[in-house]
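[1] using only what follows, build the 3D model:
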Amino acid sequence: MKRIRSFFKDHWGMLLIVYCISCLFNSIVNFKTIMNPYYIYGDISFYAVFHRLCSAQPLFTNDLFLSVFDMKQVLLRVDIPIVKWLLPVTILLMKAMSLSQVLVVQSIIFCVIASVLMYLIGASMGSKKEALLLVVLFLIYTGSMDSFYGGAARGSGMAITCAGFYCLHRKFTYAIIMLIPVAWLSYPPILPLVAAFAGYSIIHRGGKIRDKMVLIGLTGLMLCFFAVWLFQVEKQALWKLSSLMEWKNRAGIFDLRNNLLLVYVLNINEHSALYVIFTGIMIGASLVYALHARRNSGFVGREFILISAGVFIAVFFVKKEVASREVIFSIPVFLTIAFWRILLSFKSGVVRYGACMIFALLFLLVPPNDGDIDFSRYRELFTDLSHTPSDLLIAGPLKSLDFVPFFTRQSVFFAPFWEEAKHCVPSMQTELKNRKQELEKILYSKNEQEIVRFAGRNHITHFIVDDYLYAGYNSNGGRPFALQELAHRHGVAYGNGLYLINVNQF
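    Predicted coordinates:
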């Protein structure tokens, strides 16, 4: 405790600066969201919207929703424990702000946590100013991808990676082993990386072979315990295990025919051209520096050994979708530290801070995220819906429905894309598929009475009609479909072919 108090006494000023810088970078990254709340990140939004939709629907009870979500934990990118913990907080925040604003708040919290941990790493390896340089590089690099910001589960994974590296550098082997249950409770897909941390720390730990074997046994027992816990406690465990370990769905690092190898395994694009540029610069600089002279060959060896271990485990033991979630935490942390150590090897401050300035200029000038979706044309519609009762049930084209609960408090008649629905528990697949087909049949129906009966049968109060989304569907001989004709005659027009129909009037 004395050492902790002494550390905070010496570093409280710098920690305050780190906090301010973290908030500033979040403001820059989320600038479009702050200035225009209808600009959102498509990648992080689906599961948040999925919760909002499912929890509001009679079809999905809370328990059933968690069962549906449980499959997405392994097959997609969301973890159950942290979602369960944050669900009450998220619902409470949604009473005061929109879901898009809630994600901004979450991103700030996890960004600050990860930044403080990166500062601890830097302070343990260099001076205070050098540690601050590491934090800035880390924020610029992670800010260039659209996945870290707004995703609570990913933020916790990034924080665990930073904590693991700090413990590794300080040779806190037991602390790394204790990260295993923390990783399981917060984000299970990161367990292979924590295992790599533990293995590396045990191998390079001094002492007798017997002591190392005890640590290896303890680590193995903990990993086995949580694996057995997974298979015994979670529902549909055998189905989940067979799907997770299915050989044909693995990434296959030697399968050169798989053009998704770099996307899923190395995950070097992360939906952002700027992230690819930064990754290329850091990897190139690290390799050139390591190969420049024999004395430098081991300079960044630890970081690349850990990256390689994480990639190997992810590629050969899990599906490619999960493999990408594994590496997305390790690459930004390890590459930033390796690049930072290279900059520190130059005595000239011009090289150190010049490189950081170049990164900062690229960050400010190049749009960081290219996966954004602009819903500004829905602004007036969302504004009107926000002033209507929250017990409305809205139907319409899937692309219109996806983000209605993101900006309003209304429920929608949810019918997910089949690519998403097929990842749910098997017992739900038929229900979801039928709902999607039923909705599509009504959207392209030529009978107005059929639409009215469908609305009454499902307690739907309103339809959203977007002529722009109908434009590419010309199976009606160029004439509007029945729902479009109803919208043109009885709907409220919002311009650009956008309408809202109150079906209670029929």
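
[2] which parts of the chain are strands?
    Applying DSSP state E to the chain gives strands spanning 39-41, 372-374, 393-395, 411-412, 462-466, 492-493, 498-502.

[3] and those: which comes nearest residue 198?
    Taking Cβ to Cβ, strand 39-41 is the member of the strands of the chain nearest to residue 198, at 33.2 Å. (C-beta placed from N, C-alpha, C; glycine too.)

[4] export the strands of the chain to a markdown table and tack on mean neighbour count?
    Converted to a markdown table, the strands of the chain look like this (neighbours: other Cβ atoms under 10 Å):
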| stretch | mean neighbour count |
| --- | --- |
| strand 39-41 | 22 |
| strand 372-374 | 14 |
| strand 393-395 | 21 |
| strand 411-412 | 24 |
| strand 462-466 | 24 |
| strand 492-493 | 13 |
| strand 498-502 | 21 |
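
[5] mean pLDDT lowest where, among those?
    Note on the strands of the chain: lowest mean pLDDT is at strand 39-41, with a mean of 54.

[6] may I see the strands of the chain organised as a markdown table, with distance to residue 166 added?
    Listed next are the strands of the chain as a markdown table, based on distance: least, Cβ to Cβ, whole Å:
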| stretch | distance to residue 166 |
| --- | --- |
| strand 39-41 | 29 |
| strand 372-374 | 33 |
| strand 393-395 | 48 |
| strand 411-412 | 44 |
| strand 462-466 | 49 |
| strand 492-493 | 56 |
| strand 498-502 | 51 |
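
[7] any idea of the pLDDT on the spatially closest residue to residue 219 that is not a sequence neighbour?
    Closest residue to residue 219 apart from its sequence neighbours, by Cβ to Cβ, 6 or more residues apart in numbering: residue 198 at 4.7 Å. Residue 198 is assigned a pLDDT of 81 by the prediction.

[8] so who does residue 198 touch?
    Each residue near residue 198 by Cβ atoms under 8 Å, 6 or more residues apart in numbering is listed here: 173, 176-177, 180, 215, 219.

[9] residue 275 is nearest to which of the strands of the chain?
    strand 39-41 (13.2 Å).

[10] ok, back up a step: quick one, which of the strands of the chain is nearest to residue 440?
    When those are compared (using Cβ to Cβ), the closest one is strand 393-395, at 11.0 Å.

[11] same for the closest one, what does it pack against?
    strand 411-412, strand 462-466 (3 or more Cβ pairs under 8 Å, 6 or more residues apart in numbering; DSSP states H and E).

[12] what lies in contact with that strand?
    385, 401, 404, 410-413, 439, 442, 455, 458-464.

[13] are any of the residues you listed buried, and which?
    The neighbour-count criterion (16 or more other Cβ atoms under 10 Å) marks 385, 401, 404, 410-413, 439, 442, 455, 458, 460-464 among the contacts of strand 393-395 as buried.

[14] what about residue 345, neighbour count?
    Applying other Cβ atoms under 10 Å, we find 11 residues neighbouring residue 345.

[15] quick check, pLDDT for it.
    According to the per-residue confidence, residue 345 scores 82 in pLDDT.

[16] need the helices for the stretch 101-250 of the chain, in chain order.
    Secondary structure of the stretch 101-250 of the chain by DSSP state H, counting those that start in this stretch: the helices cover 128-143, 152-169, 173-186, 191-203, 209-233, 237-244.

[17] could you check the angle helix 191-203 makes with the third one?
    If I follow you right, that is helix 173-186. Between helix 173-186 and helix 191-203, the angle comes out at 170 degrees (axes from the mean of the first three to the mean of the last three Cα atoms, to 10 degrees).

[18] tilt between helix 173-186 and helix 152-169?
    Going by the same axes, to 10 degrees, helix 173-186 makes 170 degrees with helix 152-169.

[19] who are the packing partners of helix 173-186?
    Packing partners of helix 173-186 (3+ Cβ pairs under 8 Å, 6+ apart): helix 80-94, helix 152-169, helix 191-203, helix 209-233.

[20] which stretch in these has the least confidence?
    Sorting those by mean pLDDT places helix 80-94 lowest, at a mean of 59.

[21] measure residue 504 to residue 462 for me?
    Noted for residue 504: a distance of 8 Å to residue 462, by Cβ to Cβ, to the nearest Å.

[22] before we move on, what about residue 285?
    Distance from residue 285 to residue 462, by Cβ to Cβ: 55 Å.

[23] and what of residue 400?
    11 Å.

[24] then residue 377?
    From residue 377 across to residue 462, the span is 18 Å (Cβ to Cβ).

[25] contacts only, for residue 491.
    Shown in contact with residue 491 (Cβ under 8 Å, 6+ apart): 463, 465, 499-501.

[26] quick one: low-confidence parts of the stretch 1-150 of the chain?
    Filtered on pLDDT under 70, the stretch 1-150 of the chain yields the residue ranges 1-9, 26-104, 106, 146-150.

[27] domain ranges for this structure?
    The chain breaks down by automatic domain parsing into domains covering 2-36+77-365, 375-505.
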